[in-house]
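> here is my input, please return the structure:
(one chain, ligands or ions: 2)
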Amino acid sequence: LTPFNLKQHISEYRQDPLSGRWVIIAEERANRPNQFDAVAETQEESWHRNCPFCPGHEKETPEEIDAIRPEDSRENDSRWLARVVPNRFPAITRDCPWNNGLLPHFGETFFFHKTAIPGYGAHEVLIESPRHLFSVTEFDDVEILNMFRLYQKRLQSLRSENHWGHVLIFKNVGAAAGASLSHTHSQLMAMPFVPPPILNELRHATEFRENKHRCYWCDMIKHELSEKVRVVAESEHFLLICPFACRFPMEISIFPKEHVSHFESLSENRVDELAFFVRKSVQILEKAVYWTREPLSYNMILKSAPFQTSSFDPEIYHFHLTILPSLAKAAGFEWGTGLHINPISPETAATKLREFV
Ligand SMILES: [Zn+2]
Ligand SMILES: [Zn+2]
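Residues are numbered from 1 along each chain as shown. Ligands and ions are numbered 1, 2, ... in the order given. Alright, predicted model coming up:
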């Protein structure tokens, strides 16, 4: 008898024992509609009529978890400025058996395959604007501030639940970046453990600190600011660079210049400064890749420190935001080796991007 059954659990985390790689098996995801497939891109109007994220369609999403609303509006009514709802087609869910929030021991006997655990987690959708917008560069000041305030609100709230290991917030813009709906939105996934690649970063940052008594990222930022070749732009407290070993052409990252591990602990002024700086950074990117005929698709990933791990001090982490434009796809070599071939060096990319600051 198998201890876990996909039919009971909706989804499962499974680990490949040799590579250590984790996957999520989530058959429910196959049922989600893809607006980019279903509707020709010229039919803007029908997008609006059928969009589950436009005001007036609140019943087409699960009930809201959180929102930014005018005082005289009520939960789930149509007068919201930004709202958060559970994903209708979740990859992981709170609705599955969980040992009081404790991670069951890995390696329970599961015939030959040893490691599978129920797909416990939270999968939320953050709709940052009632307007049917595509990219953050179309956001007005209130919309871009609401986006980052909502990120912070959700992280603070999930952190206070005290049983999540890590929360990832990301935003897929455009079909080429994996979005299935065109109305602007971000997603959040809270997991009971810290994904191995993030643990790996923490492991190396811990080693660096033990040797040099400093933060790896703080040192890296100092170095980039002195060398300048990969720096694109800066605001008072934030820096935009093309990372030294970037995987994709025109990949960019934004770092706070001073050490901050958790995005949710950033002061309100700094959150506002970051919000405007992110919008400006994407503007620079969109102008610099004018050769793409379509509006630019991209992934934006907020890499904030894990809430808790038993192995490392999460305060060592230096939060940052990475934006990956969908200009190149991973192919056979990348899948086979994990090595990305990037045809544009970060030094060339930074030179190009600086023209549009
Ligand atoms: Zn919409
Ligand atoms: Zn640092």
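> show me which residues of the stretch 101-250 of the chain sit near ligand 1.
132, 183 (Cβ under 5 Å from the ion). No exception for glycine: its C-beta is placed from N, CA and C like everyone else's.
> go again using 8 Å as the cut-off
131, 132, 181, 182, 183 (Cβ under 8 Å from the ion).
> just these now: which is nearest residue 90?
Using Cβ to Cβ, residue 181 comes nearest to residue 90 of those, at 14.9 Å.
> reduced to three states, what does the closest one come out as?
Under the three-state scheme (DSSP: H, G, I helix; E, B strand; the rest coil), residue 181 adopts coil.
> pLDDT at it, what is it?
According to the prediction, residue 181 has pLDDT 90.
> that one: how many residues sit nearby?
Applying other Cβ atoms under 10 Å, we find 19 residues neighbouring residue 181.
> next: residue 339.
9.
> again with residue 301
16.
> what's the answer for residue 55, then?
15.
> was I right about it contacting residue 78?
Yes. With contact defined as Cβ atoms under 8 Å, residue 55 reaches residue 78; the gap is 4.2 Å.
> name the residues contacting each of those two.
residue 130 (Cβ atoms under 8 Å, 6 or more residues apart in numbering).
> what are the bridge partners for the residue lying closest to residue 153 once chain neighbours are set aside, then?
Spatial nearest neighbour of residue 153, excluding adjacent residues (Cβ to Cβ, 6 or more residues apart in numbering): residue 66 at 6.2 Å. Going by DSSP bridges, residue 66 is paired in beta bridges with residue 84.
> low-confidence ranges, the stretch 51-200 of the chain, go.
97-114 (pLDDT under 70).
> any idea how far apart the tips of stretch 294-302 sit?
End-to-end distance for stretch 294-302: 25 Å, by Cα to Cα, to the nearest Å.
> centroid residue for this structure?
residue 170 (1.8 Å; Cα atoms, centre = their mean).
> make sure I have this right: that residue is in a strand.
Yes. Residue 170 sits within a strand when classified using three-state DSSP.
> that one and residue 300 touch, don't they?
Yes. With contact defined as Cβ under 8 Å, residue 170 reaches residue 300; the gap is 6.5 Å.
> check the residue nearest to residue 239 when sequence neighbours are not counted and give its pLDDT.
Of all residues not flanking residue 239 in the chain, residue 255 sits nearest, at 5.2 Å (Cβ to Cβ, 6+ apart). According to the prediction, residue 255 has pLDDT 98.
> and residue 237, what does it touch?
Applying Cβ under 8 Å, 6+ apart, we find residue 237 in contact with 256, 257, 258, 270, 273, 274.
> distance of it from residue 25?
41 Å (Cβ to Cβ, to the nearest Å).
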